[in-house]
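Colleague: coordinates only, sequence not included:
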């Protein structure tokens, strides 16, 4: 009889264990509530590394166009605003720099100094303005970018040479 009692107790214990697992648990008496999350600080319009990348990428595109004399790719990489200009109009605007055989590659290999905070104008164009301090002349830039399908594309391209400090 003892063997049967042990078997019955084992089955009863196994059944009770399964029932306990399957039964829903009552919620705890006190629920800890996390304090409300602090609102995130506003993110800058563009991070420093992104601004440097945009400027360098744009400068290298101008460099390639000046070297090859082909401004079609520069135009196609631009926003709709820049694409309204013909490749020949872009070639004409960069002619003085092209004739001087300005080495924009050297400028792009340095870190630019921004002379103004990146910001949006009333037309929602992102402006990046600064200078590459190269010798014998510094290369000043004033670029505007338009967001096209989530990508900043060049909208206006301003480059000038200035005396190096």
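Modeller: Thanks, I have the structure now. If you're wondering where the values come from, they're calculated on a predicted model, not measured in any experiment.
Colleague: now the end-to-end length of stretch 139-159.
Modeller: 7 Å (Cα to Cα, to the nearest Å).
Colleague: meant to ask about stretch 82-94, not that
Modeller: Terminal-residue distance, stretch 82-94 (Cα to Cα): 14 Å.
Colleague: which stretches in the protein count as strands?
Modeller: 113-114, 119-120, 126-132, 137-148, 151-163 (DSSP state E).
Colleague: okay, and for this protein, where does confidence drop off?
Modeller: Low-confidence segments of the chain (pLDDT under 70): 1-44.
Colleague: and the helices in it, which stretches?
Modeller: 2-22, 48-68, 72-77, 80-83, 87-93, 95-99, 104-108 (DSSP state H).
Colleague: quick one on the thing from earlier: rebuild the strands of the chain as TSV, extending it with distance to residue 67.
Modeller: Using the backbone N, CA and C atoms, a C-beta is placed for each residue, glycine as well. TSV is the format used below for the strands of the chain (distance: least, Cβ to Cβ, whole Å):
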stretch	distance to residue 67
strand 113-114	25
strand 119-120	32
strand 126-132	17
strand 137-148	15
strand 151-163	15
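Colleague: ok, which of those strands comes nearest residue 71?
Modeller: Taking Cβ to Cβ, strand 151-163 is the member of the strands of the chain nearest to residue 71, at 10.4 Å.
Colleague: so which elements touch that closest one?
Modeller: helix 48-68, helix 72-77, helix 80-83, strand 137-148 (3 or more Cβ pairs under 8 Å, 6 or more residues apart in numbering; DSSP states H and E).
Colleague: with mean neighbour count added, can I get those in JSON lines?
Modeller: What follows is the helices and strands packed on strand 151-163, written out as JSON lines (neighbours: other Cβ atoms under 10 Å):
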{"stretch": "helix 48-68", "mean neighbour count": "17"}
{"stretch": "helix 72-77", "mean neighbour count": "16"}
{"stretch": "helix 80-83", "mean neighbour count": "16"}
{"stretch": "strand 137-148", "mean neighbour count": "19"}
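Colleague: how close does the spatially most central residue of the chain sit to residue 162?
Modeller: The centroid of the chain falls nearest to residue 50 when counting by Cα atoms, centre = their mean (5.0 Å). Distance, residue 50 to residue 162, using Cβ to Cβ, to the nearest Å: 25 Å.
Colleague: same question, residue 64
Modeller: 23 Å.
Colleague: check residue 102 too.
Modeller: 12 Å.
Colleague: and the two? which has more neighbours close in?
Modeller: A direct count of neighbours by other Cβ atoms under 10 Å for residue 102 and residue 162 places residue 102 higher, at 20 against 11.
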